[in-house]
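Undergrad: okay, predicted coordinates and the sequence, questions at the end:
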Amino acid sequence: MTDAQTETDEARRARLLQAALPNVAFEGWSANLLPRAAEATGIDMAEARRLFPRGAVDLAVAHHESGDAAMVAKLKAADLTAMRFRDRVAFALRARIEAIGDKEAARRASALFALPTHAPEGARLIWRTADLIWDTLGDPSEDLNWYTKRATLSAVWASVLLFWLGDDSWEAQATDAFIDRRIDDVMRIETMKARVNEAPLLKPFTGPLSRLTAMIRRPRPVSGPGGLPGRWTPGA
């Protein structure tokens, strides 16, 4: 067999993505991106279409997913045991920013996924990043907290990404400070929620509500890491 015949789909996808990235800064995630990448790599266009059926949209998704994978690898390699949990989340967000590499590609992807036709895909990718962070950090949630943690972190990650795209400070120091502020905001909200739930005068109201929310369970099975609520693996 030739090397082309033994090359995996994953390897071909990676080659096409790497060939496409230099052109993103000039023309965005456009329809011309995949044909140019196929020509540059010597991969047949029909094969490129099989690997990326939606063309540039799937290339942008692959770019996002490669950043998620790099973040997870860094989290698993790091010793986080001495960190407070809030600092572990901050570390994960910083690792995800570092994994982007090409800011212009991320900027163009944000514009792409802001379009109405691609907004659901963009929301799925944001949720997937938040879900991967919680899963990698060992979140044990099984009830409503599974949803609220991911929804909250999705909002934090989206705001951090947008802030970073406009950050021209030295080594993104302003983004580092922004991450700390956002997590501090979340921790204050969680502290307030705990106080409300424990307040004796509010027990007649919070008690039944807590029992009701405890009946809500995380979706099972989730369609792989980053699966959205309500999405099941076929045949599972």
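TA: That came through, no problem. Numbers count the residues shown, from 1 in each chain.
Undergrad: any idea how far residue 112 lies from residue 118?
TA: 6 Å (C-beta to C-beta, to the nearest Å). The way it works is simple: take the backbone N, C-alpha and C, and place the C-beta from them, glycine included.
Undergrad: quick check: neighbours shared by the two?
TA: Listed contacts common to residue 112 and residue 118 are residue 57; contacts here mean C-beta atoms under 8 Å, 6 or more residues apart in numbering.
Undergrad: for the spatially most central residue of the chain, pull up the helix or strand it's in.
TA: By C-alpha atoms, centre = their mean, the chain has its centre lying nearest to residue 129, at 2.0 Å. Here residue 129 sits within helix 119-136, counting by DSSP states H and E.
Undergrad: then residue 185?
TA: Per DSSP H and E: helix 173-198 holds residue 185.
Undergrad: ok, back up a step: pretty sure the residue nearest to the centre of the chain sits against residue 69.
TA: No: counting by C-beta atoms under 8 Å, residue 129 stays clear of residue 69, with 10.9 Å between them.
Undergrad: where do the helices of this structure begin and end?
TA: Here the chain has its helices, by DSSP state H, at 3-6, 9-27, 33-41, 45-51, 56-77, 85-100, 103-114, 119-136, 144-165, 173-198, 203-213.
Undergrad: of all those helices, which one is nearest residue 219?
TA: helix 144-165 (8.3 Å; C-beta to C-beta).
Undergrad: next, the angle from the closest one to helix 103-114.
TA: 130 degrees (axes from the mean of the first three to the mean of the last three C-alpha atoms, to 10 degrees).
Undergrad: okay, residue 231: pLDDT?
TA: pLDDT recorded at residue 231 is 47.
Undergrad: also residue 140?
TA: On the pLDDT scale, residue 140 gets 87.
Undergrad: could you find the closest non-adjacent residue to residue 176?
TA: Nearest-residue entry for residue 176: residue 94, 6.8 Å, with adjacent residues in sequence omitted and distances by C-beta to C-beta, 6 or more residues apart in numbering.
Undergrad: number of residues surrounding the one you found?
TA: Around residue 94 sit 18 other residues, with neighbours defined as other C-beta atoms under 10 Å.
Undergrad: ok, it touching residue 179?
TA: Yes: using C-beta under 8 Å, residue 94 is in contact with residue 179, at 6.5 Å.
Undergrad: so where's this protein shaky on pLDDT?
TA: The chain contains residues with pLDDT under 70 at 1-5, 190, 192-217, 220-236.
Undergrad: 80 instead, please
TA: Applying pLDDT under 80 to the chain flags residues 1-6, 143, 188-236.
Undergrad: how many other residues sit next to residue 163?
TA: 18.
Undergrad: and the closest residue to it other than its chain neighbours, how many neighbours does it have?
TA: Of all residues not flanking residue 163 in the chain, residue 178 sits nearest, at 4.9 Å (C-beta to C-beta, 6+ apart). Neighbourhood size, residue 178 [other C-beta under 10 Å]: 20.
Undergrad: so residue 126 makes contact with residue 159?
TA: No: the criterion here is C-beta under 8 Å, and residue 126 misses it with residue 159 at 10.4 Å.
Undergrad: which one of those two has more residues nearby?
TA: More crowded of residue 126 and residue 159, by other C-beta under 10 Å: residue 126, with 20 against 13.
Undergrad: neighbours of residue 132, just the number please.
TA: Neighbours of residue 132 using other C-beta under 10 Å come to 21.
Undergrad: distance of residue 151 from residue 127?
TA: Computed with C-beta to C-beta, the distance linking residue 151 and residue 127 is 8 Å.
Undergrad: tell me which of the two has more neighbours.
TA: Ranked by neighbour count (other C-beta under 10 Å), residue 151 and residue 127 place residue 127 first, with 20 against 13.
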